[in-house]
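Novice: here's my sequence, what's the structure:
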Amino acid sequence: MNLSKTVEVEILSLNDVNSEILLFLSKEIPFHLPVLHCRIASRRFELPTDSYDPQREQYNSSRILDMLASFHPQAENGRVLAVTSQDLFVPGLNFVFGQAMGGYAMISLARLSPRFYGLREDGDLYLRRITKEAVHELGHTLGLMHCRDQFCVMHFSNSILDTDRKSSDLCATCKRLIGIR
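Specialist: All right, here's what the predicted structure looks like:
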């Protein structure tokens, strides 16, 4: 998908995400994906109750994305990025940092915090991880697939170590695929 004009991204909170994180993302995402322009949604959305799996103590991200698509139609040529602090999964995987379907993407902050792994808080590391996962999922909404380059932001993160290894930026090949120089 070679993009000839800027794509609008609406960033929205699912339940309880700190507005400072949304503001940070609105400024950081266009730095890494200059074809995107971000704005923050004026209202918060609730997680659908039927997306919660009490046995797993996680939310099914596919169901959440389906809800977003039905209740929050995106503008023509636009994208939606939902951010939640709740832990996410898709059937067949233990967890996901995020997911994208069509023009809708979401990320979970739950496993991006060093505290999740029993480590002391590191705000800079936390924000780098958030950026990488948001850019990765929005890359999918632009038509990018997972990249073999382990340092490209589009590389699949099977663990937090994969997220920490990769950069926040697209590799040259992925940039070329969406028309970024």
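Novice: quick check, central residue of the chain?
Specialist: Ala134 (3.2 Å; C-alpha atoms, centre = their mean).
Novice: list the contacts of that one.
Specialist: 25, 28-29, 81, 83, 98, 105, 107 (C-beta atoms under 8 Å, 6 or more residues apart in numbering). Bear in mind the C-beta positions are built from the backbone N, C-alpha and C, glycine included.
Novice: what's the pLDDT at it?
Specialist: What the model reports for Ala134 is a pLDDT of 98.
Novice: doesn't it belong to a helix?
Specialist: Yes - membership of Ala134 in a helix is supported by DSSP: H, G, I helix; E, B strand; the rest coil.
Novice: run through who's touching the biggest strand by length in the chain.
Specialist: Counting by DSSP state E, the longest strand found in the chain is strand 7-14. Outside of strand 7-14, the residues within contact range by C-beta under 8 Å, 6+ apart are 19, 22, 25-26, 29, 35-41, 43-47, 64, 72, 74-75, 77-84, 86, 106, 138, 142.
Novice: Ser13 pairs with what?
Specialist: Each beta-bridge partner of Ser13 is listed here, defined by DSSP bridges: Val83.
Novice: number of residues surrounding it?
Specialist: 19 (other C-beta atoms under 10 Å).
Novice: could you do Val83 as well?
Specialist: Neighbour tally, Val83, other C-beta under 10 Å: 23.
Novice: give the contact list for it.
Specialist: 11-14, 17, 21-22, 25, 106-107, 109, 134.
Novice: could you rerun that using 7 Å?
Specialist: 11, 13-14, 17, 21-22, 107, 109 (C-beta atoms under 7 Å, 6 or more residues apart in numbering).
Novice: and those residues, which is closest to Ser157?
Specialist: Ile107 (11.1 Å; C-beta to C-beta).
Novice: surely that closest one meets Val96?
Specialist: No - the pair Ile107 / Val96 is not scored as a contact, 9.0 Å apart, by C-beta atoms under 7 Å.
Novice: between those two, who's got more neighbours?
Specialist: Ile107 (30 against 21).
Novice: which residues in this protein form strands?
Specialist: 7-14, 36-40, 52-53, 58-60, 79-84, 88-89, 98-101, 104-108.
Novice: nice, that's everything, thank you.
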